[in-house]
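Asks: predicted model and sequence follow; I will ask about them next.
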Amino acid sequence: MRLWTVQDKAAYDDLCEKGVLHCDIKLAEWLKYDDFKRSYDWLASEMKERVGLPLKDVVYPIWAWYLLGGKNVKPDFRRVEFRNYLGEQYVIEVEIADDDVLLSDEEMWHFILNDDYFTNGLYNDDPSEYEADEAWFESLPFLEQEQVKRESWKKVFDKTCNPWVFVQATFWELRKEQIVSIRKFVGKQDKIIVP
């Protein structure tokens with residue numbers, strides 16, 4: 001499977017030095033926030049079930065892009081989605097075995113980040129289905145709501161729930177031999193490092 005991961009200079013240097021890259025919790029910006037950490041913990045548990053266990057000291061996966069705008073193409077830093085990528089960044093094009101990757105809908109991932117229930121009627125043209133499902137969910141006792149909400153999050157992996165336009169990929173490790181190409185970006189300037 002062809003993927004593109006965007007890594008900062010520290011991660012890129014680590015990959016060059018060790019020949020393998022794992023998520024470094026100390027450097028993972030989003031893991032500094034408890035709300036996001038809860039979401040990433042949930043994803044890591046889903047990865048263990050769907051992809052398999054990571055190496056002993058690996059807790060969180062590496063993120064990459066599979067589809068951008070419905071196409072399997074490298075990230076374009078001119079797009080608004082990449083406005084927060086500051087400083088020196090490396091877009092690493094990789095080829096990873098399908099069985100080692102978990103794909104998820106990037107838009108739906110925000111339900112998990114926001115600890116929201118993913119209602120059945122959200123993408124339905126009939127607003128009454130959405131309203132009925134929301135009312136049903138709100139009528140549940142708190143503990144049951146939590147269980148139903150977490151079960152609803154699994155829709156993030158189901159491409160039949162929502163047309164997949166922006167699809168992210170997670171995997172436990174990136175090995176140097178999986179690299180196809182590397183592009184270095186500083187600001188809006190890019191430079192091919194490995195063709």
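Replies: Good, I have the coordinates.
Asks: use CA for all of it now, contacts and neighbours both
Replies: OK.
Asks: tell me the centre residue of the protein?
Replies: For the chain, the residue sitting closest to the mean C-alpha position, by Cα atoms, centre = their mean, is residue 168 at 4.4 Å.
Asks: residues in contact with that residue?
Replies: 63, 64, 65, 66, 67, 103, 104, 105, 106 (Cα atoms under 8 Å, 6 or more residues apart in numbering).
Asks: if I look at it, how far off is residue 140?
Replies: Using Cα to Cα, to the nearest Å, residue 168 is found at 32 Å from residue 140.
Asks: what comes up buried for whichever strand or helix holds residue 108?
Replies: Using DSSP states H and E, residue 108 sits within helix 106-113. Using 16 or more other Cα atoms under 10 Å as the test for burial, helix 106-113 gives 106, 108, 109, 111, 112.
Asks: same thing with stretch 36-48?
Replies: Residues of stretch 36-48 classed as buried by neighbour count (16+ other Cα under 10 Å): 36, 39, 40, 43, 44, 47.
Asks: helix/strand/coil for the closest residue in space to the fifth one that isn't next to it in sequence?
Replies: Nearest residue to residue 44 in three dimensions, chain neighbours excluded: residue 60, at 5.9 Å (Cα to Cα, 6 or more residues apart in numbering). At residue 60, secondary structure determined by DSSP: H, G, I helix; E, B strand; the rest coil is coil.
Asks: so residue 60 sits against residue 173, correct?
Replies: No: applying Cα atoms under 8 Å, one finds residue 60 not in contact with residue 173, separated by 9.5 Å.
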